[in-house]
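In: Let's see this in three dimensions:
(one chain, ligands or ions: 1)
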Amino acid sequence: MQQYNSIKTRYPDALLLFRVGDFYETFGEDAVKAAGILDIILTHRNNGGDKTELAGFPHHALNTYLPKLVRAGQRVAICDQLEDPKQTKTIVKRGVTELVTPGVALNDDILQARKNNFLCAVHFGARSTGIALLDISTGEFLTAEGNTEQIDKLLQNFNPSEILISKKEKNSFAETFGRQWHLFLLDDWVFQEDYAHESLNTHFKTTSLKGFGVDHLHNGILASGAVLHYLSETRHKQLGHINKIQRIAEEEYIWMDRFTIRNLELYHSQHEQAVTLLEVIDKTLSSMGSRMIKRWLALPLKNIAKIKKRHEAVAHLVQDEAMLDKLQGYIKKIADLERLISKVATGKINPRETVQLKNSLEAIIPIRQQLSESSCTALKKLSEGISPCEALGNRIKEMLMEEAGTHIQKGDTIAPGYSEELDELRNLATSGKAYLDQMLERESERTGIPSLKIASNNVFGYYIEVRNTHKDKVPEEWIRKQTLVNAERYITEELKEYEVKILGAQERILELEQQLFGQLVVWMREYISPVQQNARAVAELDCLCGFAQLAKENRYVAPVMDDSTEIEILNGRHPVIEKQLPPGKDYVPNDVILNRDEQQIIMITGPNMSGKSALLRQTALIVLLAQMGSFVPADSARIGVVDKIFTRVGASDNISMGESTFMVEMNETATILNNLSERSLVLLDEIGRGTSTYDGISIAWAISEYLHEHPARAKTLFATHYHELNEMSATFERIKNYNVSVKELKDKVLFLRKLEPGGSEHSFGIHVAKMAGMPQQVIHKANKILKRLEQSHSSEELTEDLNAVQNEMQLSFFNLDDPLLEQIKEELVHLDINTLTPVEALMKLNEIKRMLSKNKRASS
Ligand SMILES: Nc1ncnc2c1ncn2[C@@H]1O[C@H](COP(=O)(O)OP(=O)(O)OP(=O)(O)O)[C@@H](O)[C@H]1O
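Out: As a prediction, the model looks like this:
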């Protein structure tokens, strides 16, 4: 216990698995935790009068229990015996050999094959925030810095399993990025410039970080240094596979903030059962491809040439079915090269995995051949990134048995013919049987005992067994060892000698096999870089083949990309909803045309459930798919490259942040309006519905007007219940009205789901309530109230009011004498100070401050 306590004090925040003989034991609080998580028995032992809790499991079950502990959020320190207990008379030396944490895991049972497992560090600087992300299982090491919104988006995209921050930043982190993350706090001194540079340069064996293009990222480097610090803290020393650090070049990818990522349900869904875009489009066959497609989805391209290259490859694969089949056949045979080569670096690869590595490299050779012969330049280019690593494959083939197992200690790993010494020893060990048979025959003849038997057991090794009837014929020199009911067992000098030889040979075989395998693994480290490169090429090819497969299965077409600012989608469909319609129901396709000169804002009205949201989302998803390099669900699509996609859904709940839903809605919309660009695509779904009707209409109107008048002329789809907004098209030339058509039957509504020019007259909310099975009385009453309301304040009156206001006071960006003053006045005039909470007041103040600083920037 003394030894245990001294080790435990060094790992106070980890659960310590303490190896005792064949068991891993946990004690005290750790035991209580482990017993709860693992559902194993909690016992007590008397520790000098004190009762200590105890729970343990057999050492060979580590791979079963360790993942459970880590998934439950535990950091687990594995404390092993560092010497052979047989060789020591005192207490066995023990030490922690690995600290496994949610973000630092190499064990296949903890990792998910088709997902990256990122460890992250975040550092708040004075002007920007730095982030570093590392997947130790693949060797990817990324860094970036930016404002908190950008960092937030990266956190959403990369979804790290563990985040390192300095102790003093704990609260600011939670306030800025939420409390859902698994944090680990580091001492403040870890985030120091000298220390970070030194750690990184020592690790990469460089003198400066210039070569990686990250040397200007001051805060990013601090975060990256913290990541490396944590790796050494967790006893990870062999990290040759982490051979570069890359900047996440955000400016190369479409900007989507976290609301958009969430609203579009790209890879997380808001409801448990809902299907995400990723689930529909991921047709990759390898884990490497699956991890890459997630990255492509998180970071869709803006560079037309790069996008076109992907489209070109997909088009080729769609056309050449035979090639697609062949390539996918080879991809299926390739194991997770990226993770296998990481295991080479960390020394954790086993013989079976090494053979898998060789077989995967063999499957790559025909891929390279196919690609290099292709007439498609994009595919041909991909072949150049593949290196056959023939020497590596050959060496493994020469050294290892094809059916080598997972445990080197079990032997049968090194192929015959590789080592003369090994072959001789094996001969000796296997020729034993014949030798024994010979001896048996000889002794039987000599003694005249017909039923002699040679066998062995753990107690006294090899023995000769003689049945009682022949006991008297046993020669004198045989030594009796055991008496059974019907027989006696003897050993002889010859048998003893033989045994020593055989056992010695077996021991030496194991030793030699381990030694040779160890040498092979060290030698393989030379190949880390080319194998990683191969892994990337296979992943990319897998994604492209997946896109081709997706296109073929779902009738997707190649989008035409250009650098105009127009979007023209003909008969576009929603990629996810179309897959979920019940049999016999077809998705109704629709055209969406947006541009900056004529049809900048489409105002879509239509009853609940008619398909407004679906139309908005499908437009964003089609753009996203196109810019990821995929074909799109439409008859045709021409897309001027988009640089930002914003989506906002009215009254989305965000109670966890402690803000009112309407406040959140307004905050989110404000972010959009402050970040518009000429290439932005804005989707507003029922913005304004989180408040009273008149408030809602007014806000929706003002937002639409702002978008229309803003010099960026961002392309916008605005779905709304407020048919009053249709009046805007009369005044604002680039706002066009459309409605999602329905057919009104006697007392029900038929959804036609076709987008048609023109507004709609009412909202049909009550029809939907009826469809939902609301009791008759409620429907009846609702209809009555609606009639009364319509009479007392008709929508025409409301529209007239709005128009009057419009004439009185047109929002303008340039015409007002002092637009800033006007804006601030607008902000404040409707405020009721008495009902304002302090937080709301602060936010208001912040908004005004932002206006001022924006104005200052614009004028300078
Ligand atoms: N074009 C379409 N073809 C076939 N089914 C569709 C289509 N568009 C939508 N749907 C179906 O209708 C359902 C409702 O669509 P959606 O949520 O877009 O309606 P909405 O008009 O936004 O409704 P609300 O105003 O209540 O939010 C979808 O879940 C989908 O099943």
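In: Please make it C-alpha for all contacts and neighbour counts, starting now.
Out: Noted.
In: Below-threshold pLDDT in the stretch 401-550 of the chain: ranges please.
Out: Applying pLDDT under 70 to the stretch 401-550 of the chain picks out no residues at all.
In: Which strand or helix spans the residue of it at minimum distance from the ligand?
Out: Using C-alpha to the nearest ligand atom, the single residue of the stretch 401-550 of the chain nearest to the ligand is L550, 19.8 Å away. Applying DSSP states H and E as the criterion places L550 in helix 528-554.
In: can you list the residues of the protein near the ligand?
Out: Residues of the chain lying near the ligand by C-alpha under 6 Å from any ligand atom: Y587, V588, P589, P607, N608, M609, S610, G611, K612, S613, A614, R753.
In: Go ahead and build a PyMOL selection from the buried members of those residues.
Out: The following PyMOL line selects those of those that are buried, judged by 16 or more other C-alpha atoms under 10 Å:
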select buried, resi 587+589+607+608+610+611+612+613+614+753
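In: Tell me which of the residues of the chain next to the ligand fall in strands.
Out: R753 (DSSP state E).
In: Quick check: closest non-adjacent residue to G411.
Out: L510 (5.8 Å; C-alpha to C-alpha, 6 or more residues apart in numbering).
In: and the one you found, what is it in contact with?
Out: Residues near L510 by C-alpha atoms under 8 Å, 6 or more residues apart in numbering: Q409, K410, G411.
In: Kindly list the longest helix within the protein.
Out: Counting residues, the longest helix in the chain under DSSP state H turns out to be helix 493-524.
In: Tell me the buried residues in that helix?
Out: The neighbour-count check on helix 493-524 (16+ other C-alpha under 10 Å) flags 495, 498-499, 502, 505-506, 508-510, 512-514, 516-518, 520-521, 524 as buried.
In: Check stretch 306-315 too.
Out: I307, K308, K309, R310, H311, E312, A313, V314, A315.
In: Also stretch 340-356?
Out: By neighbour count on 16+ other C-alpha under 10 Å, the buried set for stretch 340-356 is 340-346, 348-356.
In: mind listing which of those are in helices?
Out: 340-346, 351-356.
In: Quick one: these as a markdown table, columns for pLDDT too.
Out: Shown next, in a markdown table, are these (pLDDT from 0 to 100):
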| residue | pLDDT |
| --- | --- |
| L340 | 93 |
| I341 | 93 |
| S342 | 92 |
| K343 | 92 |
| V344 | 92 |
| A345 | 91 |
| T346 | 88 |
| P351 | 93 |
| R352 | 93 |
| E353 | 93 |
| T354 | 94 |
| V355 | 94 |
| Q356 | 93 |
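In: any idea which of those is closest to the ligand?
Out: Distances from these to the ligand were compared by C-alpha to the nearest ligand atom; the smallest belongs to L340, at 42.5 Å.
In: correct me, but that closest one touches I349?
Out: Yes - counting by C-alpha atoms under 8 Å, L340 touches I349, with 6.9 Å between them.
In: Quickly note the distance from the residue of the stretch 651-800 of the chain found nearest the ligand to A305.
Out: Residue of the stretch 651-800 of the chain nearest the ligand, by C-alpha to the nearest ligand atom: R753 (5.0 Å). Distance, R753 to A305, by C-alpha to C-alpha, to the nearest Å: 36 Å.
In: which element is the nearest residue to S374 once chain neighbours are set aside on?
Out: Nearest residue to S374, sequence neighbours excluded (C-alpha to C-alpha, 6+ apart): K380, at 5.9 Å. Assigned by DSSP H and E, K380 belongs to helix 377-384.
In: Can you name the next helix or strand after that helix?
Out: Using DSSP H and E, the helix or strand that follows helix 377-384 in sequence is helix 390-399.
In: Now tell me what touches stretch 39-52 from outside.
Out: Here stretch 39-52 makes contact (C-alpha under 8 Å, 6+ apart) with F27, G28, A31, V32, A34, A35, E53, L54, A55, G56, F57.
In: Run through the residues that contact the fifth one.
Out: When you say that, I think you mean A34. So A34 contacts T26, I40, A55, L69 (C-alpha under 8 Å, 6+ apart).
In: Mind picking the two most distant members of the residues you listed?
Out: Greatest spacing in the contacts of A34, by C-alpha to C-alpha: A55 and L69 (13.4 Å).
In: V649 contacts T260, correct?
Out: No - using C-alpha under 8 Å, V649 is not in contact with T260; the gap is 9.3 Å.
In: Neighbours of E445, how many?
Out: By the criterion of other C-alpha atoms under 10 Å, E445 has 11 neighbours.
In: ok, now which ones touch it?
Out: Listed by C-alpha under 8 Å, 6+ apart, E445 has no contact partners.
In: Then it would be within a helix, right?
Out: Yes - judged by DSSP: H, G, I helix; E, B strand; the rest coil, E445 forms part of a helix.
In: From here on, call the first residue 53.
Out: Sure thing, new numbering starts at 53, so read that last one as E497.
In: which is the next helix or strand following the lowest-mean-pLDDT helix or strand in the chain?
Out: Here the helix or strand of the chain ranked lowest by mean pLDDT, DSSP states H and E is helix 847-860, holding a mean of 61. Using DSSP H and E, the helix or strand that follows helix 847-860 in sequence is helix 871-881.
In: avg pLDDT for that next one?
Out: Across helix 871-881, the average pLDDT comes to 72.
In: tell me which element the residue in the stretch 303-452 of the chain that the ligand sits nearest to falls in.
Out: Here the stretch 303-452 of the chain gets closest to the ligand at one residue, A326, 10.6 Å apart by C-alpha to the nearest ligand atom. Using DSSP H and E, A326 is not contained in any helix or strand.
In: Ramachandran angles for it?
Out: phi -60, psi 150 (degrees, to the nearest 10).
In: any idea how far it is from M661?
Out: A326 sits 17 Å away from M661, going by C-alpha to C-alpha.
In: swap in D372?
Out: From D372 across to M661, the span is 41 Å (C-alpha to C-alpha).
In: and the residue of the stretch 453-602 of the chain closest to the ligand, how many neighbours?
Out: Each residue near L602 was counted by other C-alpha under 10 Å, and the total is 23.
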